[in-house]
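Visitor: Pasted the sequence and its predicted model underneath.
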Amino acid sequence: MEERILNQIADTVKKSIQAELKIPRRSKSYDGSVNKRGTSAPISSGNLYKSVNVFWENDFDDPFPTLIIDFGNADYWYWVNYGRRPGRYPPLKAIDKWVTQKKGFAQIIRGPGGRFTKRKSLVFLIRRSIATLGYRGTFFIENALEKSKNKVLEEIGEAAALYIDKIISQGLVFTQSEN
């Protein structure tokens, strides 16, 4: 019974994280100023979305299991969640890969007069912007945990009530007698 409840909680948290990753957001610099271009598609390759794995891990020294949120090979989850301060250029390969995967760059790639901007130039401009302004994190993990809290409480409440009913119906309630 306990394992089923823990698995339900993990599944609820996973679905909540994936829902947060689907929310379109306006691009913001690290100081909170909003990019005037509007919102963009929240998922470029889908790698972060697909790699979300939530499970429980038991530590022999601690009787309570630990909730683990793992993103597999999508190690950039940290930057998506917490953002990046201005000051340094982000890795070239990471931004180049993102530009090739991100939907919605068609209107940006054309420069003045309708001429195409080379991908190499676009990657440089994005890296320079990040180095100059940084970008604000989405805090998708914290938001997902907060949003899933009520649902988890409902599920635990229902499961706990069923468990207590089962104990009562099977006569497994014991009282300690006084000596």
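Guide: Arrived safely.

Visitor: which residues touch stretch 156-163?
Guide: Here stretch 156-163 makes contact (C-beta atoms under 8 Å, 6 or more residues apart in numbering) with 1, 4-5, 8-9. Using the backbone N, CA and C atoms, a C-beta is placed for each residue, glycine as well.

Visitor: So the protein: which segments form each domain?
Guide: The chain breaks down by automatic domain parsing into domains covering 1-85+135-167, 86-133.

Visitor: any chance of the ones you listed in JSON lines, plus mean pLDDT and mean neighbour count?
Guide: Below are the domains of the chain laid out as JSON lines (pLDDT from 0 to 100; neighbours: other C-beta atoms under 10 Å):
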{"stretch": "domain 1-85+135-167", "mean pLDDT": "83", "mean neighbour count": "14"}
{"stretch": "domain 86-133", "mean pLDDT": "81", "mean neighbour count": "13"}
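
Visitor: about what we covered before: just the closest of the contacts of stretch 156-163 to D165, please.
Guide: M1 (11.6 Å; C-beta to C-beta).

Visitor: The top strand by length along the chain packs against which elements?
Guide: As assigned by DSSP state E, the longest strand anywhere in the chain is strand 62-70. Packing partners of strand 62-70 (3 or more C-beta pairs under 8 Å, 6 or more residues apart in numbering; DSSP states H and E): helix 2-21, strand 53-59.

Visitor: The helix or strand that the longest one is followed by pairs with which strands?
Guide: The one in question is helix 2-21. Per DSSP states H and E, the first helix or strand lying C-terminal to helix 2-21 is strand 26-28. Strand pairing for strand 26-28, using DSSP bridges, gives strand 34-39 (antiparallel).

Visitor: Can you give the distance from the longest helix out of those in the chain to the centre of its chain?
Guide: Ranked by residue count, the top helix of the chain under DSSP state H comes out as helix 140-169. Using C-alpha atoms, centre = their mean, to the nearest Å, the mean C-alpha position of helix 140-169 is found 21 Å from that of the whole chain.

Visitor: Could you do stretch 9-25 as well?
Guide: 6 Å.

Visitor: Mind exporting the C-alpha coordinates of it to PDB?
Guide: Output in PDB follows, covering the C-alpha atoms of stretch 9-25 (Å, rounded to 0.1, in the frame of the first residue of the first chain):
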ATOM      1  CA  ILE A   9       3.100  10.900  -5.500                       C
ATOM      2  CA  ALA A  10       6.100  10.500  -7.800                       C
ATOM      3  CA  ASP A  11       3.800  10.200 -10.900                       C
ATOM      4  CA  THR A  12       1.800  13.400  -9.800                       C
ATOM      5  CA  VAL A  13       5.100  15.300  -9.400                       C
ATOM      6  CA  LYS A  14       6.400  14.100 -12.800                       C
ATOM      7  CA  LYS A  15       3.200  15.200 -14.600                       C
ATOM      8  CA  SER A  16       3.200  18.500 -12.800                       C
ATOM      9  CA  ILE A  17       6.900  19.200 -13.900                       C
ATOM     10  CA  GLN A  18       6.000  18.200 -17.500                       C
ATOM     11  CA  ALA A  19       3.000  20.500 -17.400                       C
ATOM     12  CA  GLU A  20       5.200  23.400 -16.200                       C
ATOM     13  CA  LEU A  21       7.700  22.800 -19.000                       C
ATOM     14  CA  LYS A  22       4.900  23.200 -21.600                       C
ATOM     15  CA  ILE A  23       3.900  26.700 -20.400                       C
ATOM     16  CA  PRO A  24       4.900  29.400 -22.900                       C
ATOM     17  CA  ARG A  25       6.800  32.200 -21.100                       C
END
